[in-house]
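**Student:** Build me a model:
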Amino acid sequence: MPFEIARVRAAYPALAEGFAHFDGAAGTQVAAPVADAVAGAMRTAVANLSSAHLPGQRSGELVAAARQAVADLVGGAPDGVVFGPSATALTYHVSRTLAQRWRPGDEVVLSRLDHDANVRPWVQAAEATGAVVRWAEFDPETGELPTGQYAELVGPQTRVVALTAASNAVGTVPDVAGIAATAHAAGALVYVDGVHATPHGPTDVAALGADFYVTSAYKWSGPHLAAVVADPGRWAELRPAKLLPSPDRAPERFELGTPSFPLLAGIRAAVDHLAGLDPAATGDRRSRLRAGLAAALEHENQLFTRLHAGLAELPGVTMYGSPRHRCPTVSFRVAGQHPGQTAAALGEHGVCVSAGDYYAYEYFSALGLRERGGAVRASVYHYNTVEEVDRLLAELDRLAVGGVTGETGPVGAELLR
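**Tutor:** This next block holds a predicted model:
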């Protein structure tokens with residue numbers, strides 16, 4: 001059945017303000033059931049985890065429900081879901097824990113296509129242990145991440161291969177499964193940044209070959225909380241730094257401090273919301289998630305095709321990357337304008353985009369664009385409409401022809417993951 005965009009948009013109260021949100025890659029708007037769930041948990045008697053009384057038991061139920069929800073979303077096991085404040089924080093935690101076993105001469109393979117949250121933690125862990133960093137390069141013309149290069153990069157000394165499931169800069173979707181197979185053949189672990197990929201279609205961590213998969217709920221209509229998913233047996237092998245009295249079982253021993261129970265309530269609500277995107281879908285929540293996210297992606301791709309074609313026709317607009325497989329995300333510049341100026345001018349007319357390097361530090365450095373302000377990014381999400389795409393294109397046409405006035409400087413840096 002056709003994607004019911006009016007029904008979907010009605011679930012997002014913030015859209016009533018009239019802004020056109022093409023900044024979903026930096027964080028989506030929150031669905032009403034999520035806000036209600038967070039508020040409900042804050043209005044209910046909820047205590048720290050305890051079996052001694054009902055408020056403490058409720059907290060345990062919120063944690064368990066959130067773990068199950070994320071497991072359903074990505075195809076993992078609930079006992080393999082570790083929560084944290086951000087993908088950055090979780091990746092630092094995992095990298096430092098894995099690095100306890102590294103020795104000088106061990107190797108880590110990274111990608112210059114990645115968000116810095118899946119680069120710097122590994123670089124710094126390598127520096128601290130004497131491990132060697134090896135780099136996978138992207139094609140500067142297409143933004144593709146060639147799979148074949150990993151046969152040369154991965155070897156007996158490789159301990160971890162870290163890569164993105166989708167570029168937050170140009171939307172490239174690498175062949176994660178193929179790269180993971182190369183890594184696993186050499187005995188290496190695979191850490192996948194799924195922050196930009198998860199909102200745009202069904203996820204199956206087993207099919208990807210991800211030993212660790214990290215995702216941020218605020219990129220898929222949820223609260224500011226993140227999760228990294230691994231096989232429970234994988235967590236059992238690892239001993240992170242932690243407080244002595246804190247839980248020693250996995251996954252709890254990887255979660256530092258008391259969790260945010262209201263935000264965990266929001267996690268479950270966000271996953272339930274995504275599972276309802278296709279009202280005709282049946283079966284368990286995992287099945288409904290796959291159907292709903294597939295329908296949402298089809299809608300997003302239709303809008304993105306229109307957006308990309310429209311950008312190609314605008315005078316003075318340069319787009320970066322043309323990957324064959326991509327999420328509905330594009331980076332571009334308008335001739336003669338700092339990206340921050342373009343974003344600010346669009347913002348004055350109620351069109352929200354990102355500008356800068358969006359923490360895709362290596363990507364924009366390799367292109368020589370970072371010191372020149374990076375680019376402007378437009379990312380389509382399932383609540384966007386054809387009318388909003390046309391609105392963005394019309395505003396860009398006006399800017400490209402008439403230019404912008406005033407000096408605004410760089411604005412719109414992406415929030416930390």
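**Student:** can you pull the contacts of residue 320?
**Tutor:** 143, 169-170, 330-333, 367, 369, 375 (Cβ atoms under 8 Å, 6 or more residues apart in numbering). Heads up, the C-betas are built off the backbone N, CA and C, glycines and all.
**Student:** Look up which residues are beta-bridged to residue 134.
**Tutor:** With DSSP bridges as the criterion, residue 134 is bridged to residue 109.
**Student:** picking up where we left off before, output the contacts of residue 320 as CSV; include the columns neighbour count and distance to residue 163.
**Tutor:** Below are the contacts of residue 320 laid out as CSV (neighbours: other Cβ atoms under 10 Å; distance: Cβ to Cβ, whole Å):
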residue, neighbour count, distance to residue 163
143, 23, 14
169, 33, 14
170, 26, 15
330, 24, 21
331, 32, 19
332, 22, 24
333, 21, 26
367, 21, 19
369, 18, 21
375, 29, 21
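**Student:** In stretch 141-160, which residues are buried?
**Tutor:** The neighbour-count check on stretch 141-160 (16 or more other Cβ atoms under 10 Å) flags 142-145, 147, 149-150, 153-154, 157-160 as buried.
**Student:** now residue 333: how far from residue 82?
**Tutor:** 39 Å (Cβ to Cβ, to the nearest Å).
**Student:** Please name the residues that touch the spatially closest residue to residue 304 that is not a sequence neighbour.
**Tutor:** Spatially, and ignoring its direct neighbours in sequence, residue 304 is nearest to residue 328 (3.6 Å; Cβ to Cβ, 6 or more residues apart in numbering). For residue 328, the contacting residues are 171, 200, 297, 300-301, 303-304, 307, 379-380, by Cβ under 8 Å, 6+ apart.
**Student:** Next: residue 221.
**Tutor:** 12, 28-31, 34, 199, 270, 273-274.
**Student:** pLDDT wise, what is residue 2 at?
**Tutor:** At residue 2, the model reports a pLDDT of 77.
**Student:** Isn't residue 118 up against residue 191?
**Tutor:** Yes: with contacts defined as Cβ atoms under 8 Å, residue 118 counts as touching residue 191 at a distance of 7.2 Å.
**Student:** any common contacting residues for the two?
**Tutor:** Joint contacts of residue 118 and residue 191 (Cβ under 8 Å, 6+ apart) are 91, 162-163, 214.
**Student:** So which of the residues you listed belong to strands?
**Tutor:** Counting by DSSP state E, the shared contacts of residue 118 and residue 191 place 162-163, 214 in strands.
**Student:** Could you dump those residues into TSV with pLDDT, distance to residue 43 and neighbour count added?
**Tutor:** Listed next are those as TSV, based on pLDDT from 0 to 100; distance: Cβ to Cβ, whole Å; neighbours: other Cβ atoms under 10 Å:
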residue	pLDDT	distance to residue 43	neighbour count
162	98	41	25
163	98	42	24
214	98	31	29
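**Student:** What is the nearest of the residues you listed to residue 46?
**Tutor:** Nearest to residue 46 among these, counting by Cβ to Cβ, is residue 214 at 26.5 Å.
**Student:** export the contacts of residue 328 to CSV and tack on pLDDT, distance to residue 286 and neighbour count?
**Tutor:** Output for those, formatted as CSV (pLDDT from 0 to 100; distance: Cβ to Cβ, whole Å; neighbours: other Cβ under 10 Å):
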residue, pLDDT, distance to residue 286, neighbour count
171, 98, 25, 25
200, 98, 18, 29
297, 98, 17, 20
300, 98, 21, 25
301, 98, 23, 16
303, 98, 26, 20
304, 98, 26, 23
307, 98, 31, 23
379, 98, 26, 29
380, 98, 25, 31
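**Student:** Select from these every entry located in strands.
**Tutor:** residue 379.
**Student:** what bits of the stretch 1-150 of the chain have low per-residue confidence?
**Tutor:** 1 (pLDDT under 70).
**Student:** So residue 49 is in contact with residue 63, correct?
**Tutor:** Yes: using Cβ under 8 Å, residue 49 is in contact with residue 63, at 7.4 Å.
**Student:** Which residue is the nearest non-sequential neighbour of residue 234?
**Tutor:** Using Cβ to Cβ, 6+ apart, the closest residue to residue 234 is residue 211 (6.1 Å).
**Student:** Could you tell me how far stretch 284-297 lies from the centre of the chain?
**Tutor:** 18 Å (Cα atoms, centre = their mean, to the nearest Å).
**Student:** cool, and stretch 211-227?
**Tutor:** The answer for stretch 211-227 is 7 Å, by Cα atoms, centre = their mean.
**Student:** Check stretch 145-152 too.
**Tutor:** 23 Å.
**Student:** Start and end of that stretch, how far apart?
**Tutor:** End-to-end distance for stretch 145-152, by Cα to Cα, to the nearest Å: 14 Å.
**Student:** quick one: residue 56 and residue 49, what's the gap?
**Tutor:** For residue 56 relative to residue 49 (Cβ to Cβ), the value is 6 Å.
**Student:** tell me, what residue is most central in the chain?
**Tutor:** With distances taken as Cα atoms, centre = their mean, the residue of the chain nearest its centroid is residue 195 (1.5 Å).
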